[in-house]
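1. Sequence below, structure please.
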Amino acid sequence: MDRQKEFVLRTLEERDIRFVRLWFTDVLGYLKSVAIAPAELEGAFEEGIGFDGSSIEGFARVSESDTVARPDPSTFQVLPWTTSAGKHYSARMFCDITMPDGSPSWADSRHVLRRQLAKASDLGFTCYVHPEIEFFLLQPGPDDGSVPVPADNSGYFDQAVHDSAPNFRRHAIEALEQMGISVEFSHHEGAPGQQEIDLRYADALSMADNVMTFRYLVKEVALADGVRASFMPKPFAEHPGSAMHTHMSLFEGDTNAFHSPDDPLQLSDVAKSFIAGILEHASEISAVTNQWVNSYKRLVHGGEAPTAASWGRGQPLGPGTGSDVHPAQGVVAARRGPQPRLGLQPLPDLRGAAGRRSARRREGLRAGPTGRGQRLEPDARGAACHGLPRAAYQPGQCAGGHGELGARRGSVGGARIRLLPAQQARGVGELPQPRHPV
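-> Numbers count the residues shown, from 1 in each chain. Predicted coordinates for the structure are as follows:
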């Protein structure tokens, strides 16, 4: 047994942890969990925990339901909740999802992201991510379909004396930091009840895990404070919606791969290819980062949200999947949706998928610094290259035939995201039927 596994088992015993929660996500970003006793964890490390993959959205067909969750000991953290005696009683680990023979499940979003990061690493690049996560605090109320009420009436950066939001943000940050998740900033956003908490840079895989943990902790802390937290993109028609503004950096060792002091915009060729790749695949990426019907209520003019794939320096409304460039800090920023692992995975692959799109279309959606072979560059004027999808069915229509992301035209129910190779599970990964979230 390796040292990390030994550390986990020893910590469980020393701190008298009673439950271990094994986490993973479905393709739509919902957190899944199974709790086991510490005595069972050593066996879980060796053999994994079997479950019915056909019951998880987008994972497997009934005939291929045998799926295994294998806990990753490097993600072990004690959850901040305590008993009345002050003892912690549960911990969590993220899982990698495999088939019974040990091969990775291609529906596992964590594996999808890790695969892309490995390709970037082979080229000498490391991808770092810094998200600004927005959400609403709502007053508790009956679940009868009535309009939710914001927990406060404050505005951007407000510090109200009788406002409960600062106390909530403090409690949330304390819980996050207890789990080793570093926070840079927190403040009230522009809409009533809207909050923002920014996480400190981390590598992309760790950050995807952190974002999933963030959403869980924020909702738990909100309930403890007598309010509800919602990450719904557009809960109020009259107020700006919420998003996750994501800053991305590429480094070659300690060198900022985006910065070139000799360029008029201080952008390297890698940075320009990175931006061009995002713009080239903006419509396809939108289908992954905006997977709910409600997401497209936010992407409208006048709503402080992106409506076109464009780029520029210091461009706050950059595209839904486009670029706001800060080359000196090595940052390209993009707006993403609620599935951090799938939302991030198109970005770090630097091999130039757009440049080879017609010749090697089956290699899939990999939109990082595209065009290394073709030398794609963003529009020098920073003008809008093309509009983003505005209706729930449009992402699929725009994405038709592009690698791993494909769609049938005509209806929401016809859209699908193909995460699995045909030889492993043909047809798996279909999205819900019409009137269900996309």
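2. got the contact list for His111?
-> In this structure, His111 makes contact with 96-97, 104-105, judged by Cβ atoms under 8 Å, 6 or more residues apart in numbering. Placement of C-beta: from N, CA and C, glycine included.
3. Using a markdown table, lay out those together with pLDDT.
-> Conversion of these to a markdown table gives the following (pLDDT from 0 to 100):
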| residue | pLDDT |
| --- | --- |
| Asp96 | 95 |
| Ile97 | 93 |
| Pro104 | 90 |
| Ser105 | 88 |
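4. Run a quick neighbour tally on the residue lying closest to Pro150 once chain neighbours are set aside.
-> Using Cβ to Cβ, 6 or more residues apart in numbering and skipping residues adjacent in sequence, the residue nearest Pro150 is Gly193, 2.8 Å away. Gly193 has 26 neighbours, counted by other Cβ atoms under 10 Å.
5. And the pLDDT at Gly193?
-> Note on Gly193: pLDDT of 93.
6. which ones are touching it?
-> With contacts defined as Cβ under 8 Å, 6+ apart, Gly193 is in contact with 136-138, 150-152, 154, 165.
7. now Leu217
-> Contacts for Leu217 were tallied using Cβ under 8 Å, 6+ apart; they are 80, 172, 175-176, 179.
8. Ok, Ala172 next?
-> Contacts for Ala172 were tallied using Cβ under 8 Å, 6+ apart; they are 186, 197, 217-218, 221-222.
9. what about Leu265, neighbour count?
-> Around Leu265 there are 14 residues (other Cβ under 10 Å).
10. change the start of the numbering to 35 and stick with it
-> Sure thing, new numbering starts at 35, so read that last one as Leu299.
11. Dihedrals phi and psi, the residue nearest to Pro184?
-> The main-chain torsion angles of Gly227 are listed as degrees, to the nearest 10 and equal phi 80, psi 0.
12. re earlier: just the contacts of Ala206 now: which is nearest Ser344?
-> Lowest distance from Ser344 to the contacts of Ala206 (Cβ to Cβ) belongs to Ile231, with 27.1 Å.
13. before we move on, back to that, what's the most distant pair in the contacts of Leu251?
-> Comparing all pairs in these by Cβ to Cβ, the longest separation belongs to Ala206 and Met213, at 11.3 Å.
14. Adding pLDDT, distance to Ser89 and secondary structure, write the contacts of Leu251 out as JSON lines.
-> Conversion of the contacts of Leu251 to JSON lines gives the following (pLDDT from 0 to 100; distance: Cβ to Cβ, whole Å; DSSP: H, G, I helix; E, B strand; the rest coil):
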{"residue": "Pro114", "pLDDT": "93", "distance to Ser89": "30", "secondary structure": "coil"}
{"residue": "Ala206", "pLDDT": "96", "distance to Ser89": "31", "secondary structure": "helix"}
{"residue": "Ala209", "pLDDT": "96", "distance to Ser89": "30", "secondary structure": "helix"}
{"residue": "Leu210", "pLDDT": "96", "distance to Ser89": "31", "secondary structure": "helix"}
{"residue": "Met213", "pLDDT": "93", "distance to Ser89": "28", "secondary structure": "coil"}
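15. Sort out which one of the residues you listed lies nearest Ser264 for me.
-> Proximity of the contacts of Leu251 to Ser264 was ranked by Cβ to Cβ; the top entry is Ala206 with 14.1 Å.
16. and the gap between the closest one and Ala256?
-> In this structure, Ala206 and Ala256 are 8 Å apart, going by Cβ to Cβ, to the nearest Å.
17. swap in Phe170?
-> Spatial separation of Phe170 from Ala256 under the definition Cβ to Cβ is 10 Å.
18. Tyr250 too?
-> If you go by Cβ to Cβ, the gap between Tyr250 and Ala256 works out to 11 Å.
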